[in-house]
Structure formats: structure tokens, C-alpha cells
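*Asks:* what's the 3D shape of this:
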Amino acid sequence: MLRPRLIPPDDVFPPNPWAIEAVRYDGRLARNLTGQAETMFALSNGYLGLRGVTEEGMPVSETGTYLNGFYEHRPISYGERAYGFPTVGQSILNCPDGTALKLSVDDERFLLSDAEIRSYRRVLDFRSGTLSRDVRWVTAAGKSLRLQTLRLVSLAHRHLAAIEYTLTAEDREAEVVIASELRNDQPLATDTTDPRLAEGFVGRVLHPAGTRCEALRAVLSYRTRSSGLVLGCGMDHVVAADDPLTMQASCDDDLAMVVFRGTLAPGATI
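*Replies:* Numbers count the residues shown, from 1 in each chain. As a prediction, the model looks like this:
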């Protein structure tokens, strides 16, 4: 059965020869185009690639952080065997994701699908190689806030990605919590009844090889069992705020987190 082709409407994704941009947020359209948007707004330098998942992590089709050449062996099964058929293949692995910056304002979780959006723009700029987003919204208590993000995958340092995250309380004081996460999620389950699909992995693929948490920096490390590759993933933070913040870091085998808490005065920015 053929699925209907989903064509992004021009009033949301206007034509632009030097960018892919979304100029307003449509919740229904976002749900239908979540996976496509993650692909369209992806960043890569040929070694490190990030799918275009929002910093809030929702809605999401599939998070994706990939390293060129980082793989694990998987079995290959055949209906009939013959001489020379390979028994194992290689699958690129989804590495831990460090793009999540989850925001709560006055204990209200910020999610695009639930928020009262005043303005929205998201742009993948082909000239600068950056992904930016600018959102203004109003909380349930009537407070107006603005969130600006800028994301890049470095061309000068191939292992490095960076996110600039700017939050402003525009009109009233607000209690804010920002949780920056580095998370290792297990592979998504595959449909084992479809013979056209390659066999997926069963159980844990990335085996913990140590963690470290120090000040605003956290590192998770892993090893693959069959290919014998070792991976280190780290995140660090530089913070500038108009008002005082408290900061707390923690980590375990599959999740490192740095949490920032504070009160933003009207017009103040983190």
C-alpha cells in the first residue's frame, strides 16, 4: 500500500535558495513531519552527524548522533546458505545524544506541542552551516519568554558539536530549571517479521567503560563487544547569567546531567 506523499506547505517552509526554514509552528503538521524535519535540519561534517531533534527532545521520531566508522557487527541470516556468503555485517551505531536541554518554567515543562507560541522560526543556514531557532511563548501563568538556540557541528574540529542556548524572561520574574543531558538510549526495536530488513541488535550494544563527572563537565565511555571499538562522549558548559544560578551535576552508566536553577528577573537572560 502506497502512503500519501507529505509535501511541506509553503506558508510554513517558504522557498529559500540558501536555507531550509520553518517560519511558524503548526502542531498537527509537526506531528506528521517529525521524522522528515529531523532529517531536513540535520548537521554533519562528514565525521560527526546530528539529527535535527529539538533541544526539548519532544516530539521526536528518532534521536541520532553518528560517528563515521563507529560500528558493531550484526549477524546476517539467509533463507538458503551458499559458499562465500558472509555471516556478519557492520551497522553504524547511534551514539549517546548530547543535544537535550530540557526547560521548565515555574515547574511547567516547556514543550512546543503544549505551549502558547507567539512566534517561531527555525533555520538551517547553508552559508554558515548552522541551525538556529527563535521561539517566543507564553506560559500558563501568562509570562512571556524567549528562547534562542544556535547549533553547529565543527568543520575545524571534527569531533566537536556546540549549542548556544539563550533564555530571556521578557516581562515577569520566572523560576527556571534547565537540565542539560548526555543520554545513551538503547537501539529501537526492529520488525523481525519483515524479511527485507536487516537483523537488529538484541540487548545492550554499548557496554559501559567508565564515567566521570566534575564541575560542569561529564564524560561517558563505552566499548562494543564484537568490533572492539571504544567511544568517549563528553559535554562541558560555559554559563553567563544576569541573575545567580545554582548548578548540580550527576552521572551514571547511561545518563549524565547538569542542572541549572535560578530566578530570572524581568528582562534578564541566561
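
*Asks:* now do the SS call for residue 85.
*Replies:* On the three-state scheme (DSSP: H, G, I helix; E, B strand; the rest coil), residue 85 is labelled coil.

*Asks:* need the pLDDT of it.
*Replies:* In this prediction, residue 85 carries a pLDDT score of 81.

*Asks:* and residue 28, that one's in a helix?
*Replies:* Yes. Membership of residue 28 in a helix is supported by three-state DSSP.

*Asks:* what about it, how many neighbours?
*Replies:* 8 (other CB atoms under 10 Å). The C-beta positions use only the backbone N, C-alpha and C, and glycine is treated the same way.

*Asks:* cool, and residue 221?
*Replies:* Residues near residue 221, counting by other CB under 10 Å: 18.

*Asks:* and the helix or strand containing it, what does it pack against?
*Replies:* Residue 221 is part of strand 217-224, with elements assigned from DSSP states H and E. Contact partners of strand 217-224 among helices and strands, from 3 or more CB pairs under 8 Å, 6 or more residues apart in numbering; DSSP states H and E: strand 206-214, strand 230-235, strand 245-251, strand 255-264.

*Asks:* mind checking how far the shortest one is from the chain centre?
*Replies:* With CA atoms, centre = their mean, to the nearest Å as the basis, the distance from the averaged C-alpha position of strand 230-235 to the chain average is 16 Å.

*Asks:* and for it, what's in contact with it?
*Replies:* Strand 230-235 is contacted from outside by 67, 70, 95-96, 98, 180, 182, 184, 206, 209, 217-224, 256, 258, using CB atoms under 8 Å, 6 or more residues apart in numbering.

*Asks:* export it as CSV, just CAs?
*Replies:* This file holds the C-alpha atoms of strand 230-235, laid out as CSV (Å, rounded to 0.1, in the frame of the first residue of the first chain):
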residue,chain,number,x,y,z
VAL,A,230,36.0,2.3,22.3
LEU,A,231,33.9,5.5,22.5
GLY,A,232,34.3,8.5,24.8
CYS,A,233,31.5,11.1,24.9
GLY,A,234,31.8,14.3,26.9
MET,A,235,29.9,17.5,27.5
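
*Asks:* residues of it that come out buried?
*Replies:* 231, 233, 235 (16 or more other CB atoms under 10 Å).

*Asks:* go on, the longest one?
*Replies:* For strand 255-264, burial by neighbour count (16+ other CB under 10 Å) applies to 255-260, 262, 264.

*Asks:* again, but for stretch 109-127
*Replies:* So, applying 16+ other CB under 10 Å, buried residues of stretch 109-127: 110, 112, 115, 117, 120, 122-125.

*Asks:* please state the offset of it from the chain centre?
*Replies:* Counting by CA atoms, centre = their mean, stretch 109-127 is centred 14 Å from the centre of its parent chain.

*Asks:* so where's the stretch 151-270 of the chain uncertain?
*Replies:* Applying pLDDT under 70 to the stretch 151-270 of the chain flags residues 186-202.

*Asks:* show the buried residues in the contacts of strand 230-235.
*Replies:* For the contacts of strand 230-235, buried by 16+ other CB under 10 Å: 67, 70, 95-96, 98, 180, 182, 184, 206, 218-222, 224, 256, 258.

*Asks:* not counting sequence-adjacent ones, nearest residue to residue 159?
*Replies:* Among residues not flanking residue 159 along the chain, residue 48 sits closest, at 6.3 Å (CB to CB, 6 or more residues apart in numbering).

*Asks:* I'd say that neighbour and residue 157 touch.
*Replies:* No. The criterion here is CB atoms under 8 Å, and residue 48 misses it with residue 157 at 9.6 Å.

*Asks:* who has more neighbours, the two?
*Replies:* residue 48 (20 against 12).

*Asks:* quick check: the more buried one vs residue 10, distance?
*Replies:* 32 Å (CB to CB, to the nearest Å).
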